[in-house]
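Asker: give me a model of this one.
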Amino acid sequence: MTTADAAGMLRISQRQVQRMIAAGRLPATRTAGDAWVVDALAVNAMARARPDRGRPWSPAAAWAALWRLSGLEVDWLDRRTTSRLTARLESIGAEELLHATRRRAVVRRYRVSESFAAEFRTAVVLSGTSAMTAATFGIEADSTSLDGYCDSEALTRIVHDFHLVDDARGNATLRAAALRSLPIHGRKSMPVAVVAADLAESLEARERSAGLRVLEDLLRWRPCASRPHPAAGQHGLRAARSSR
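Answerer: Predicted structure coming up:
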């Protein structure tokens, strides 16, 4: 699908489509004539899920929302903003939450050699298909793919150290975010709400469905750092203890 076709289907400009490609949110390849061709399945999935409900939240608010939904404390927002965010989470749905928190990271897809896979897993904070568990999501972690977060400032180094090759359908998803501003130390995997949000943005129907279901459960539970949702499990309680 051309970028013009994608723009029409998503009801946005071609420049916005190009920005989504650059941010890794739309898989695309270049033709011999140096034009972008967008993955039609990805566009169709995005068109079905795309809500028109205002501008996405700031990265700080997005991370705070997912942290609170996981039953973890948030200390990087002022009291007024935290109160407003909590109230908003009590009236929002999973699809709208995905739209609101989409600015939490820049997503890139790469191809990584199997010889670097084990070391790569220790260099990132696992999420999505690499952090899902059957107990919470009904799906075991995917051992054939790698999915994780790294700090934005470490992205270039990780790409270099692990010889990552840009590939829209590669086996490694790397999500770059300002992790240094988060209480992330000691974590091997992201909190459950982050894992669920990443899964809910998957192009695979089963993964997307599982992620949305867990997000809806977390939203209905009502976020509270002192009373985590049972689904948080090791993603919330155990990781929270290790980060203290």
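Asker: mind listing the helices in the protein by residue range?
Answerer: All helices of the chain, identified by DSSP state H, fall at 3-10, 14-22, 40-49, 59-69, 79-89, 94-100, 114-123, 134-137, 155-161, 192-200, 205-221, 233, 239-242.
Asker: looking at these, which one is packed in the most?
Answerer: Highest mean neighbour count among the helices of the chain (mean count of other Cβ atoms under 10 Å): helix 192-200, with a mean of 29. Where C-beta positions appear, they are placed from N, C-alpha and C, glycine not excepted.
Asker: which residues are in contact with residue 42?
Answerer: Shown in contact with residue 42 (Cβ atoms under 8 Å, 6 or more residues apart in numbering): 26, 27, 203.
Asker: by mean pLDDT, flag the weakest helix or strand of this structure.
Answerer: helix 239-242 (a mean of 36; mean pLDDT, DSSP states H and E).
Asker: domain-wise, how is this structure divided?
Answerer: Domains of the chain are assigned by automatic domain parsing as 3-49, 102-242.
Asker: per-residue pLDDT, residue 84?
Answerer: For residue 84, the pLDDT comes out at 92.
Asker: how about residue 231?
Answerer: So residue 231 comes in at 58 (pLDDT).
Asker: then residue 157?
Answerer: So, for residue 157, pLDDT stands at 96.
Asker: next one: residue 66
Answerer: For residue 66, the predicted pLDDT is 97.
Asker: for the contacts of residue 42, which one is nearest residue 16?
Answerer: Using Cβ to Cβ, residue 26 comes nearest to residue 16 of these, at 10.1 Å.
Asker: do you know the pLDDT at the closest residue to that closest one other than its chain neighbours?
Answerer: Distances taken as Cβ to Cβ, 6 or more residues apart in numbering place residue 20 nearest to residue 26, at 4.4 Å, with adjacent residues excluded. With respect to pLDDT, residue 20 scores 84.
Asker: swap in residue 145?
Answerer: So residue 145 comes in at 90 (pLDDT).
Asker: check the one 4 residues further on too.
Answerer: Per-residue confidence for residue 149 comes out at a pLDDT of 97.
Asker: also residue 71?
Answerer: pLDDT for residue 71: 93.
Asker: quickly note the distance from it to residue 3.
Answerer: Using Cβ to Cβ, to the nearest Å, we find residue 71 at a distance of 41 Å from residue 3.
Asker: same question, residue 118
Answerer: Taking Cβ to Cβ, one finds residue 118 at 37 Å from residue 3.
Asker: the closest residue to residue 190 other than its chain neighbours - how many residues pack around it?
Answerer: Nearest residue to residue 190 in three dimensions, chain neighbours excluded: residue 127, at 4.1 Å (Cβ to Cβ, 6+ apart). Neighbours of residue 127 under the rule other Cβ atoms under 10 Å: 24.
Asker: which residues touch the residue positioned nearest the centre of the chain?
Answerer: Per Cα atoms, centre = their mean, the C-alpha nearest to the average position across the chain is that of residue 198, at 3.4 Å. Listed by Cβ under 8 Å, 6+ apart, the contact partners of residue 198 are 127, 128, 147, 175, 190, 211.
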